[in-house]
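Peer 1: everything below, folded, please.
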Amino acid sequence: MQNKGLVKLFAVLFGLVSIYQLSFSFKNSAIEKNAQEIAASKFSEDVEGFKDARKAFEVNYLDSLSTSKEKVFLGEDYAKIKDNSMKLGLDLKGGLEAILQVSVKDILKGLADNSKDPVFNKALDDADELQKDAQEDYIESFYRAFDAIKGDKKLASPNIFATRSLVEAGTVKIGMSDADVQSALTKKIDESINSALQVLRTRIDQFGVASPNIQRLGSSGRILVELPGVKDVERAKALITGTAELEFWFGFKAQDLGQYFQDLNNSLKVTEEAVTEEATETDVDAAEAEDTTESIIGDLTGEEDETAVVVNPFYDLVPVGTTGSYSGVALVKLTDQEKVLEILNSKEAIVLLPAAAKNIRFVFEKPKKDSEVSTLHVLEGNRDNEPPLSGSIDDAREGYDQANRVVVNMQMDAAGSRKWEEMTERAYKEGSNIAIVLDNLVYSAPGISKGKIAGGRSEISGDFTINEAIDLSNVLRAGKLPARATIIQSDEVGPTLGQEAIDSGTMSFLLALALVLLWMVFYYGKAGLFADVAMALNILLIFGILSGLGAVLTLPGIAGIVLTIGMSVDANVLIFERIREELAKGKDQKSAVKDGFSNALSSILDANITTGLTALILFLFGTGPIKGFATTLLVGIATSLFTAIFITRLLVDWYVNRGGKLDFSTGLTKNLFRNIDIAFLKKRKMAYIISGVLILGSLGSLFTNGLDQGVDFVGGRTYQVRFDQPVNSAEISATLSDPAVFGSADAKTFGDDNQLKITTKHRIDEASEEADEEMRQTLFNALQPHLNGMSYDEFILNNEGKTAGLMKKYKVSPTIADDIKKASFWAVLGSLIVVFLYILIRFKRWQFSLGAVAAVFHDVLIVLGVFSITYKWMPFSMEIDQAFIAAILTVIGYSLNDTVVVFDRIREFFNEHTGWEFNKVIDKSLSSTLSRTLNTSLTTLVVLLAIFIFGGESIRGFMFALIVGVIVGTYSSLFIATPIMYDSVKRGDATEALKDKVKEEELEEDAKA
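Peer 2: Okay, here's the model as predicted:
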């Protein structure tokens, strides 16, 4: 081998750099462990709430280290150490991953100054409908909808987008063509989404999450937010979805509406009496009459007694005059708020409003902690429903007022300061108040007792905790989102599941590694030891590179590393098998080693390039953990090539040059797979029949039984719930499928008998946080008989050490489910096309590509068929999701790896044995590669089985797909790919065609020489 010194230098440098990178992870782990020990010493288990106290101390201790800038390791402070350490993904550390959809509809409304134009608003509504089935962005649907109904109207009309602000900015000109307006709007929307991205980044940076990932996904207005390790998931979700619509409204004197409330109450009484009379006259069942009444005025008493009489329909809900506040109408129960607003916003109620109050708004105050009521305020509105003052915040900081209550102090900008001065002066003169409203909740409604307030300083109070005040300050400083941001896909994992995943992943990794290392020594003797050393360096390089790249390590990522270890054996096996062949020819040891490495190089490169291409496509189309799997696989392929080709060669050459003897086998394996001569082609008809039956069975099951499609592909919500005792999944499925609960739900045992995976499509089109919360509450209520008195907070909160309750939540909206399905289809199709083209270029005959792709189709169909046939009775989840697509692409890569090695040997044998018949060349090629094929397949299977058994429940279906794929892929490379290639080549010109190809390659090599 040439340039041994350079290879040694690179190996040493890469190793040292990897050790340097990984040292930060070890140091960070040591610092965090020390923080835990200090916290444990300060707060014993006898202290009430010791877990929370310890965690708070740990956070504060580590925060103080981060801000101190004290050098603690290799000249770096703790903040730098943490930033350089290995980053753990959501499934290993717990936390939140969410995809947010910024509402392009809201942006368009804002650009049109909330135009009331009927054509514009009809186009928005039509675009909503188009989006249900369209794969295009919302803006494209809007353009199509507008073009369909616009008539003579243009987008640049003064009452649509030719607004004063857009015209003055030169963005739109009156009379501009629709095409030009569309171009300008697309640019403005893109700017707004980028602005939303920056606002989210600022908020999250101030929130203090370690290693967050915020990135825009394409041009669709979607933003990916990954917050591994975040403990308070609900707080984080509120932070990233809050629009921060800060508004200041004048309060309306509630006492002036006394007659209005009396009229409304009387009107509701009349309505109820009329409904009851009508129900009696038509002999409607009493229960139906009650339901009819409730549909109008709600369950006003909250009592189950059917004979109860409602005396004051409105006053029973809204006890007017109970607040003592200028704009405060009443203290209303939180459970009644929705009913109250429904009544007040009804047409009947609006008609009764006095002329002076036609534009008033009713808004509830932010409820105090642990309170069951909150104040209903009445605010002075206007015809445009716009606040006198909004936004205008330069700075916001949490603090304390004179009564030592937590508040948020704000400083307005110049324009806001002037308006604030005007508002406070008017409120002082009239004796009224000003309501401070954030995201449609009144935070405080202070009266002005000392005259106008100059300078633009104001204060928000609202019974905050310090964390709430910090979050609110951060949101106000970062600015408001340009539009609503709705979570359309989310994955929430508790820290307990994360720790379990780390433990199971580590176990599977160590076991698989030990099995591979032992197998290499068992099969190849001393040479196997050299391969093990190279493999150990390979692992070091993989982790070092991942750490240096800042890649996030996930559970599929660990599986990718372990799988890489199993597949990296292939390169060493190819080399050692070639050396054994050269030794069998009678060559001396040095020559055999040299020729063995040289002859194996082509097969190694081809096999790894085809696998790398599928991994690259997976990286481009995958998201989250799947991208992590692809990343580790790509890195692993590169490091495996380096260590197998160069490091193993260095070690072998070193040993041979100093007089050592290597047999590349042991006493038990010396003659294993030697002198095999199987007539594979004669068996191809039987193989075709077997494969045909398997494929027909798979297709039949796919068309009749289908697949267990996960929420990734159909949308919905999945909950992983753990109980204190074993539960009956069928019983709970029936409970949750009750029309009063979810209507339809599926509960499956997930791992142990005390854990269920519950999936439902109930309210699938509602992606709001309110809908999510109501769904969780419904789930909790339905499961209460099995929760042993667990409270709702205990059920949903993701605390460390949690042993029962809601462990994980996953949500996918139908829109993004369609996109995932589409991306998965293109990922699989793209990998097949790329590999077909690579093999065509590499072997220069389309028949080789046909054989390889036919084998891949064969393998994929059978894996799908196995999942279709068995998913109903297998003891683990076999859902078809993104992880399954990753498994399919890995199977494609593995199958091609095997097939390409065989094709390389066919090409080589045809060159060496020009007098052989074509069928003999193929049979001998397959026989000679059988040792390598079975050795690699068995090693890979052992690795996969280790992960399958010990790698955790969440990855079991993924591993099962790979196990089936490796078995089927090994079979297809021998009995499908090569026979189809053979049958597709014309017998008469096969020899000549291959001779021409060989001669062409020889000329190319001579030209290079």
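Peer 1: helix or strand right after the helix of greatest length in the chain?
Peer 2: What stands out as the longest helix in the chain, according to DSSP state H, is helix 4-42. Reading on from helix 4-42 to the C-terminus, the next helix or strand found by DSSP states H and E is helix 50-68.
Peer 1: can you pull out the helices in the stretch 351-500 of the chain?
Peer 2: In the stretch 351-500 of the chain, the helices defined using DSSP state H, counting those that start in this stretch lie at 414-430, 466-478, 495-524.
Peer 1: just checking, what packs against the longest helix of the chain?
Peer 2: Judged by 3 or more C-beta pairs under 8 Å, 6 or more residues apart in numbering; DSSP states H and E, the packing partners of helix 4-42 are helix 50-68, strand 71-73, helix 78-84, helix 526-549, helix 648-657. In this view, the C-beta of every residue, glycine as well, is placed from N, C-alpha and C.
Peer 1: quick check: next helix or strand after the third one?
Peer 2: On the C-terminal side of helix 78-84, the closest following helix or strand by DSSP H and E is strand 87-88.
Peer 1: strands paired with that following strand, and their directions?
Peer 2: Counting by DSSP bridges, the strands paired with strand 87-88 are strand 552-553 (parallel).
Peer 1: any idea of the angle the helix or strand that comes right after the strand it pairs with forms with helix 648-657?
Peer 2: Using DSSP H and E, the helix or strand that follows strand 552-553 in sequence is helix 555-584. Taking axes from the mean of the first three to the mean of the last three C-alpha atoms, to 10 degrees, helix 555-584 and helix 648-657 form an angle of 30 degrees between their directions.
Peer 1: how far does helix 555-584 sit from the chain's center?
Peer 2: 32 Å (C-alpha atoms, centre = their mean, to the nearest Å).
Peer 1: on that earlier part again, which one of the helices and strands packed on helix 4-42 lies nearest to Met410?
Peer 2: helix 50-68 (24.8 Å; C-beta to C-beta).
Peer 1: pLDDT weak spots in the stretch 301-450 of the chain?
Peer 2: Along the stretch 301-450 of the chain, the parts satisfying pLDDT under 70 run over 301-310, 322, 391-392.
Peer 1: low-confidence bits of the stretch 801-950 of the chain, can you list those?
Peer 2: Looking at the stretch 801-950 of the chain by pLDDT under 70, you get 801, 815.
Peer 1: all strands of it, in order?
Peer 2: 805-812 (DSSP state E, counting those that start in this stretch).
Peer 1: quick one on the thing from earlier: between the helices and strands packed on helix 4-42, which one is closest to Asp588.
Peer 2: Nearest of the helices and strands packed on helix 4-42 (C-beta to C-beta): helix 648-657, 9.7 Å.
Peer 1: I'd like the next helix or strand past the closest one.
Peer 2: Next along from helix 648-657, by DSSP H and E: helix 684-704.
Peer 1: packing partners for that following helix?
Peer 2: helix 846-870, helix 978-984.
Peer 1: excluding chain neighbours, what is closest to Leu511?
Peer 2: Once flanking residues are discounted, Leu511 sits nearest to Ala946: 4.6 Å by C-beta to C-beta, 6 or more residues apart in numbering.
Peer 1: I figured that neighbour hits Gly505, correct?
Peer 2: No. If you go by C-beta atoms under 8 Å, Ala946 and Gly505 don't touch, sitting 11.3 Å apart.
Peer 1: and those two? Which one has more around it.
Peer 2: Gly505 (26 against 23; other C-beta atoms under 10 Å).
Peer 1: tell me the pLDDT of that one.
Peer 2: Looking at Gly505, its pLDDT is 70.
Peer 1: identify the residue spatially nearest to it, adjacent ones excluded.
Peer 2: Nearest to Gly505 is Ile558, by C-beta to C-beta, 6+ apart, at 4.2 Å.
Peer 1: give the buried residues for stretch 18-30.
Peer 2: 18, 21-25, 27-28 (16 or more other C-beta atoms under 10 Å).
Peer 1: equivalent analysis for stretch 340-360, please.
Peer 2: For stretch 340-360, by 16+ other C-beta under 10 Å, it's 340, 343-344, 346, 349, 352-353, 357, 360.
Peer 1: Asp113 in helix, strand or coil?
Peer 2: coil (DSSP: H, G, I helix; E, B strand; the rest coil).
Peer 1: show the contacting residues for the nearest residue to it once chain neighbours are set aside.
Peer 2: Here the nearest residue to Asp113 in space, its sequence neighbours aside, is Thr163; by C-beta to C-beta, 6+ apart that works out to 4.7 Å. Thr163 sits next to 111-113, 172 when contact means C-beta atoms under 8 Å, 6 or more residues apart in numbering.
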